[in-house]
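Q: What follows is a predicted structure for the sequence shown.
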Amino acid sequence: MKALVIDDTLTSLTLVSHQLRRMGIEPLVAQDGATGIEIFKQHRPDLILLDVVMPGLNGYEVAKRIRQLERDGEWTPIILLAARTSDEDLEHGIAVGGDDYLVKPISEVVLTAKVRAMQRIAQMRYSLLVLTRRLDEANRELTRLSAVDGLTGIANRRQFDEFMTREWARGTRHETDLSVLMCDVDFFKQYNDLYGHQAGDECLQTVARTLAARVKRPTDLVSRYGGEEFAVILPDTDLNGARQLAEAMRSDIERLALPHGNSPNGVVTLSIGVACRVPGRNGPGGAALIKAADDALYQAKAAGRNRVEAEPEISHQH
């Protein structure tokens, strides 16, 4: 442990340094405020003993400057040293950043007690900082987990809803296209019936990974919407661009060739509905956009599955 002693009186400086060494604390010494501030910058001591009455910068001014130099979360205990203390001196000393007072001549017993008390406070404060950091990390992880689907590891329905609200608001401000894909794993119930729920879970994980891998822009979101349904939000993407991406996704899933004995295609396939809106021109909220994509998905299923259907262009006219 290092303590910085700033005192213009050599006898006082020597005495305090001697007492600190006996406590196992290494003293750093300065005989004026400016030198003391420089030593503080270089060594960042654990404790400061600071004479109040000094020529040039007095102790109050030094304390104030040291507090300004401290980085975020940093705190160095400052004990002010004074030959006499009135209530006003005490109040002023604490106001400028001092933590305690010692009256000169300094008693070794009192100095030891005060230093030990400051060490305890510093230790408790450090423990609190560590705990706060751990809590912050835990909260960040909780926030991340609350936005992730536990089974597939992609965004969950909650994150989809929040993302949709945000992108709809952004699209309203800028009058840019916003597209949504609603995707459904074909004959998934029959897949579960044939292969069991564990295989069903693995199938959903593979589909999620494949869809997420196809989306290249950090502004897009692939999420699990519920059950075997996935949803994709594509900001700044028109109907044609969204349809092309949907077709690439459908093709990616078919090419995986995951066996599906209860499907007419013999492999796991995907039906996708596509819709697009310009939020600023198409009424409030994204619910109508999601419904349009859902209706297009229904069309894809009705037309034989393993296909992409987009809402009619007419409903997208600006």
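A: Perfect, thanks for sending it.
Q: immediately after the helix or strand that contains V109, which helix or strand?
A: Taking DSSP states H and E as the definition, one finds V109 inside helix 108-146. Scanning forward in sequence from helix 108-146 by DSSP H and E, the next helix or strand is helix 157-174.
Q: what's the spacing between K2 and Q42?
A: With distances defined as CB to CB, to the nearest Å, the gap from K2 to Q42 amounts to 11 Å. In short, each C-beta sits where N, CA and C put it, glycine included.
Q: In terms of neighbours, single out the busier of those two.
A: Residue environment comparison for K2 versus Q42 gives the larger neighbour count to K2, 15 against 9, counting by other CB atoms under 10 Å.
Q: need the contact list for the nearest residue to the more buried one once chain neighbours are set aside.
A: The spatial neighbour of K2 that comes closest, neighbours along the chain excluded (CB to CB, 6 or more residues apart in numbering), is P45 at 4.3 Å. Contact analysis of P45 by CB atoms under 8 Å, 6 or more residues apart in numbering lists K2, A3, L4, L28, I39, T76.
Q: SS state for P45?
A: Using DSSP: H, G, I helix; E, B strand; the rest coil, the three-state assignment for P45 comes out as coil.
Q: What are the phi and psi values at it?
A: phi -70, psi 170 (degrees, to the nearest 10).
Q: Tell me how far it lies from R209.
A: Taken as CB to CB, the spacing of P45 relative to R209 amounts to 54 Å.
Q: Which residue ranges of the protein form strands?
A: Chain-ordered strands for the chain, with DSSP state E as the definition, fall at 2-6, 26-30, 47-51, 78-82, 100-103, 178-185, 221-226, 229-235, 270-277, 308-310.
Q: Which among the ones you listed is found nearest to Q123?
A: strand 47-51 (12.1 Å; CB to CB).
Q: okay, the closest one in PDB with CA atoms only?
A: Taking only C-alpha atoms (Å, rounded to 0.1, in the frame of the first residue of the first chain), the coordinates of strand 47-51 have been written out as PDB:
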ATOM      1  CA  LEU A  47      -4.300   7.100   0.500                       C
ATOM      2  CA  ILE A  48      -3.500  10.800   0.800                       C
ATOM      3  CA  LEU A  49      -2.500  12.700   3.900                       C
ATOM      4  CA  LEU A  50      -2.800  16.400   3.000                       C
ATOM      5  CA  ASP A  51      -1.700  19.500   5.000                       C
END
